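Participant: Give me the fold of what follows.
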Amino acid sequence: MRPKIKDVARLAGVSPGVVSLVLNNSEGARVSEPTRLRVIEAAAELGYTPNRLARSLRTQRTHTLGMISDQIVTTPYAGRMIQGVQDAAWEAGYLVELIDTAGSSAMEAAAIEVMLSRQVDGILYATMYHRVVEVPEALRDRPVVVLDSETGTDGTAAVVPDEVEGGRTAARRLLEAGHRCIGHITEAEDVPAARLRLEGFRRTLTEADAFDESLIWTDHADSAGGERGARELLSRPDRPTALFCYNDRMAMGAYRAARKLGLAIPGDVSVIGYDDQELVAAELEPGLTTVALPHYAMGRRAAALLIADIERGKPNRDDENQEETAAGTTLEPCPLVERGSVGPPEGAATPKGGPTDI
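Facilitator: Have a look, this model is predicted:
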């Protein structure tokens, strides 16, 4: 027969109310440490666990988070982002329910209905890549954090990679290696990731008096687009000695173009990617130096922000309670992952000392 709270109270020599205070970690409960330990030991001896359904009815919480994504589970990053969410949730006593909508608006509406019917305490609204989204109306009075996207001006809390600083990081690394003629192959579609990475890249090279607008190539953000861009840039008489690619797939195409043109990496041309896709960056020869998207860190941060607002009992909105919520955009740093695709320009001496002051 399953032990009840009164059995724990009898064994510990306290009232059932004290047992409830201890096992629910009630804030402000005045229970001495010896009594608390006695209750915990009694519960462990009897194999007693609190009734979560009863607790949820009493606290109006289910200690579950809903995670609705468009196509995350089909991307190379899914595991790291979901793991980050799950780790932060588990550490705080929450479980995660995930529904991937495959980009279908009808499936998204059904997913939201299911999540709300299950009374999840808050929603993580996640997307496959950094872009601007509109939070569904059905979620607007709920605790919500948008993951890997932004919502424009509506003030919903969002966690995104620091794309500007990522672009600056790539540019700094190439300048430090001694490069002054640097090309950028980027996404043709006007998405925040492409725009902000270019902004950071342009700002850093402009500060070093090394930016050349004619060395910017836009194309499809895949290996074919990267190959086309690299072939055009590297065929110029004044070809760049280094390339910064919008993502690792474009960098993979740049490798192909360089090889077909008889150029060695990094001896003749250095290449930096973005994303740190493990099945691409680490498998190229030489390994691709790239700026990593911090998917695990973003997942953890988003879950922590959501849980914090759930515990406060406040929706994640930019309103009169802004100072009490996580409203606004949180930027996660994008670290540089060094491999073997960056070296000094041909004929240049290897730079000595630390990073340049840029």
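
Participant: So which elements touch the longest helix along the chain?
Facilitator: The residue-count maximum for a helix in the chain (DSSP state H) belongs to helix 295-312. Packed against helix 295-312, as judged by 3 or more Cβ pairs under 8 Å, 6 or more residues apart in numbering; DSSP states H and E, are the following elements: strand 64-69, helix 78-91, strand 122-132, strand 144-150, strand 157-161, strand 329-332. For the C-beta atoms, the positions are set from N, CA and C on the backbone; glycine is no exception.

Participant: quick one, which of the ones you listed is nearest to Ala230?
Facilitator: Judged by Cβ to Cβ, the one of the helices and strands packed on helix 295-312 that comes nearest to Ala230 is strand 122-132, at 22.0 Å.

Participant: Run me through the strand neighbours of that closest one, direction for each.
Facilitator: Listed by DSSP bridges, the sheet partners of strand 122-132 and their directions read strand 64-69 (parallel), strand 144-150 (parallel).

Participant: Could you export these as CSV, including mean pLDDT?
Facilitator: Compiled in CSV, the strands paired with strand 122-132 are given as follows (pLDDT from 0 to 100):
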stretch, mean pLDDT
strand 64-69, 88
strand 144-150, 84
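
Participant: and the longest helix of the chain, how far from the chain's centre?
Facilitator: In terms of Cα atoms, centre = their mean, to the nearest Å, the centre of helix 295-312 is found 11 Å from the chain centre.

Participant: Check what contacts it and list those residues.
Facilitator: By Cβ atoms under 8 Å, 6 or more residues apart in numbering, the residues outside helix 295-312 that reach it are 61, 65, 77, 80-89, 92, 94, 96, 121-124, 126, 143-145, 147-148, 157, 159-161, 315-316, 324-326, 330, 332-333.

Participant: Give the ChimeraX command for selecting the buried subset of these.
Facilitator: Provided next is the ChimeraX selection string for whichever of those are buried by 16 or more other Cβ atoms under 10 Å:
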select :61,65,77,80,81,82,84,85,86,88,89,92,94,96,121,122,123,124,126,143,144,145,147,148,157,159,160,161,315,316,325,326,330,332
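
Participant: before we move on, back to that, ok, which of the helices and strands packed on helix 295-312 comes nearest Arg231?
Facilitator: strand 122-132 (25.4 Å).

Participant: pLDDT (mean, whole number) over the closest one?
Facilitator: If you average the pLDDT over strand 122-132, you get 79.

Participant: what is the orientation angle of that strand with helix 78-91?
Facilitator: Between the axis of strand 122-132 and that of helix 78-91 there is an angle of 150 degrees, by axes from the mean of the first three to the mean of the last three Cα atoms, to 10 degrees.

Participant: relative to strand 157-161, how tilted is strand 122-132?
Facilitator: For strand 122-132 against strand 157-161, the angle by the same axes, to 10 degrees is 50 degrees.

Participant: CA atoms of strand 122-132 as CSV?
Facilitator: Listed in CSV are the C-alpha atoms of strand 122-132, where the atom choice follows Å, rounded to 0.1, in the frame of the first residue of the first chain:
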residue,chain,number,x,y,z
GLY,A,122,5.0,28.4,-20.1
ILE,A,123,6.0,28.1,-23.7
LEU,A,124,9.3,28.2,-25.5
TYR,A,125,8.6,29.3,-29.1
ALA,A,126,11.7,28.1,-31.1
THR,A,127,12.7,28.5,-34.7
MET,A,128,15.2,26.8,-37.0
TYR,A,129,17.3,30.0,-37.7
HIS,A,130,17.5,33.6,-36.4
ARG,A,131,14.7,35.6,-37.9
VAL,A,132,11.8,37.9,-37.0
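
Participant: Now do that strand: distance to the chain's middle.
Facilitator: Its chain's C-alpha centre lies 9 Å from the corresponding centre of strand 122-132 when counted by Cα atoms, centre = their mean.

Participant: Please apply the same query to stretch 208-228.
Facilitator: Using Cα atoms, centre = their mean, the offset of stretch 208-228 from its chain centre is 25 Å.

Participant: repeat for stretch 191-204
Facilitator: What separates the centre of stretch 191-204 from the centre of its chain is 18 Å, taken as Cα atoms, centre = their mean.

Participant: Please enumerate residues in contact with that stretch?
Facilitator: Outside stretch 191-204, the residues that touch it by Cβ under 8 Å, 6+ apart are 129-132, 150, 160-161, 163-172, 175, 184, 186-187, 211, 216, 221, 244, 246, 274, 358.

Participant: Same list (the strands paired with strand 122-132) but as a markdown table, adding distance to Ala9.
Facilitator: As requested, the strands paired with strand 122-132 are arranged in a markdown table below (distance: least, Cβ to Cβ, whole Å):
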| stretch | distance to Ala9 |
| --- | --- |
| strand 64-69 | 29 |
| strand 144-150 | 39 |
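
Participant: Which among those is found nearest to Glu338?
Facilitator: Proximity to Glu338 (Cβ to Cβ) singles out strand 144-150 among the strands paired with strand 122-132, at 24.5 Å.

Participant: Hey, what's the angle from the closest one to helix 295-312? Just curious.
Facilitator: Calculated by the same axes, to 10 degrees, strand 144-150 forms an angle of 150 degrees with helix 295-312.

Participant: so where do the helices sit in the stretch 251-358 of the chain?
Facilitator: Counting by DSSP state H, counting those that start in this stretch, the stretch 251-358 of the chain has these helices, from start to end: 278-281, 295-312.

Participant: ok, of these, where does mean pLDDT dip lowest?
Facilitator: When the mean pLDDT of each of the helices of the stretch 251-358 of the chain is compared, helix 278-281 ends up at the bottom with a mean of 86.

Participant: how about that one: buried residues?
Facilitator: Buried residues in helix 278-281, counted by 16+ other Cβ under 10 Å: 280-281.
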